[in-house]
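*Asks:* no sequence for this one, just the structure:
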């Protein structure tokens, strides 16, 4: 069989929306290019738990039809809007020559619930001697099928296809943080092996939801009380502060990007993924194996890391110990916790890390450390290679390498 040279994968478009604003320049200004990042936090709405809230967004600028907006929940609006930003940034929005062949891979959660109906059902069950009968009646009379179907995860991809006319292959991953890792991993493999030239990947997470706050707290994951940077929370047991984020990337083969004269932010060289039972040391073992697999591309010395750590313990402490342990291999790690700056965005977490790494690579400077962190330290010089990690709050470990492009 003829050996075929692998394609390079370039990041040619970024759509990023969070509490810090929208687009690359908003995030570059807000995240301390030379200084320190001051996160935006809402400590009142879900007290005692904080969130990083979404700023003001004019969704109609990317989703002009009111009917389209009306049938989407907030997280689908955010995803569809952010996808439009990425397409525009890549210079392919509205161009059938590119959109007709663009593949799409989405990381999505299970959709948003009607909280009032949920509360009514729970209260009703408590008053009935036949809860199973009552529940069946409620499912058939109180849930609107059209609304429920409109919130199915794969309909985020459908909405993007309808609104932005992305017409290549489409797939949707569910599975919390690892959904975003899988979306990036599959896209990179498809492009490197010549199965795709142009791919849109992304995800969105609406943190400002009572049901999601409730679900995380049932698992004892949330951080209560006054906001602290992610690495500092371990002193009081750790915890997650969620954030509303939309993160989409246009990935493209080098040959295709060069042929159309596209500007590129960075090269996405590799995406690795694994999972374990989270026995003590198991996640770190996966991370060490992933890091060793990237070893040929990494030289000892200064190493910039954008960590997708969530803040929950013991997994966040284990990741910090792993990063500190890289000094034994000759690496001087300067880490930045994405969750300290944007909040933890679950399905969008890894993708937002890739977006921020690409921005930093294109600016030839790492973001400043978050204010109040004793672990994050300044990084001098141009980060030629940036390691991006994602350790899920419950399962899954991912790692990627983003590199600056040759002049």
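*Replies:* That came through fine. This structure is a prediction, so every number in the text was calculated from the model and none was measured.

*Asks:* every contact and neighbour count from this point should use C-alpha atoms.
*Replies:* Noted.

*Asks:* and the spatially closest residue to residue 224 that is not a sequence neighbour, what does it touch?
*Replies:* Distances taken as Cα to Cα, 6 or more residues apart in numbering put residue 49 closest to residue 224, at 4.9 Å, once the chain neighbours are dropped. The contact partners of residue 49, by Cα atoms under 8 Å, 6 or more residues apart in numbering, come to 43, 222, 223, 224, 225, 241.

*Asks:* if we use 10 Å, what do you get?
*Replies:* Residue 49 is in contact with 42-43, 213, 217, 222-227, 239-242, counting by Cα atoms under 10 Å, 6 or more residues apart in numbering.

*Asks:* tell me how far residue 128 lies from residue 49.
*Replies:* 33 Å (Cα to Cα, to the nearest Å).

*Asks:* just residue 254 next, same as before
*Replies:* 44 Å.

*Asks:* so what pairs up with the residue nearest to residue 224 in the strands?
*Replies:* residue 46, residue 224 (DSSP bridges).

*Asks:* and it, what's its pLDDT?
*Replies:* Note on residue 49: pLDDT of 96.

*Asks:* same question for residue 4.
*Replies:* For residue 4, the predicted pLDDT is 64.

*Asks:* likewise for residue 146?
*Replies:* With respect to pLDDT, residue 146 has a value of 52.

*Asks:* what's the answer for residue 33, then?
*Replies:* We note a pLDDT of 62 for residue 33 in this prediction.

*Asks:* one more: the one 5 residues further on?
*Replies:* Residue 38 is assigned a pLDDT of 85 by the prediction.

*Asks:* which element is residue 334 on?
*Replies:* Assessed by DSSP states H and E, residue 334 sits inside strand 331-337.

*Asks:* mean confidence score for that strand?
*Replies:* 96.

*Asks:* so after it, what's the next helix or strand?
*Replies:* helix 338-342.

*Asks:* and residue 118, how many neighbours?
*Replies:* Residue 118 has 15 neighbours, counted by other Cα atoms under 10 Å.

*Asks:* quick one: least confident helix or strand in the protein?
*Replies:* Lowest mean confidence among the helices and strands of the chain (mean pLDDT, DSSP states H and E): helix 145-150, at a mean of 53.

*Asks:* next SSE after it?
*Replies:* Remark: after helix 145-150, the chain's next helix or strand is helix 154-164, criterion DSSP H and E.

*Asks:* which helices and strands sit right next to that following helix?
*Replies:* Packed against helix 154-164 by the contact rule (3 or more Cα pairs under 10 Å, 6 or more residues apart in numbering; DSSP states H and E) you find helix 66-70, helix 74-90, strand 103-107, helix 145-150, strand 170-173, strand 198-205.

*Asks:* measure how far that helix is from the centre of its chain, please.
*Replies:* On the basis of Cα atoms, centre = their mean, to the nearest Å, helix 154-164 sits 18 Å off its chain's mean C-alpha point.

*Asks:* same question for stretch 215-225.
*Replies:* Chain-centre distance of stretch 215-225: 20 Å, with Cα atoms, centre = their mean.

*Asks:* ok, back up a step: select from the contacts of residue 49 the one having the most neighbours.
*Replies:* Result: residue 242 is most packed of those (other Cα under 10 Å), 30 neighbours.

*Asks:* no further questions, thank you.
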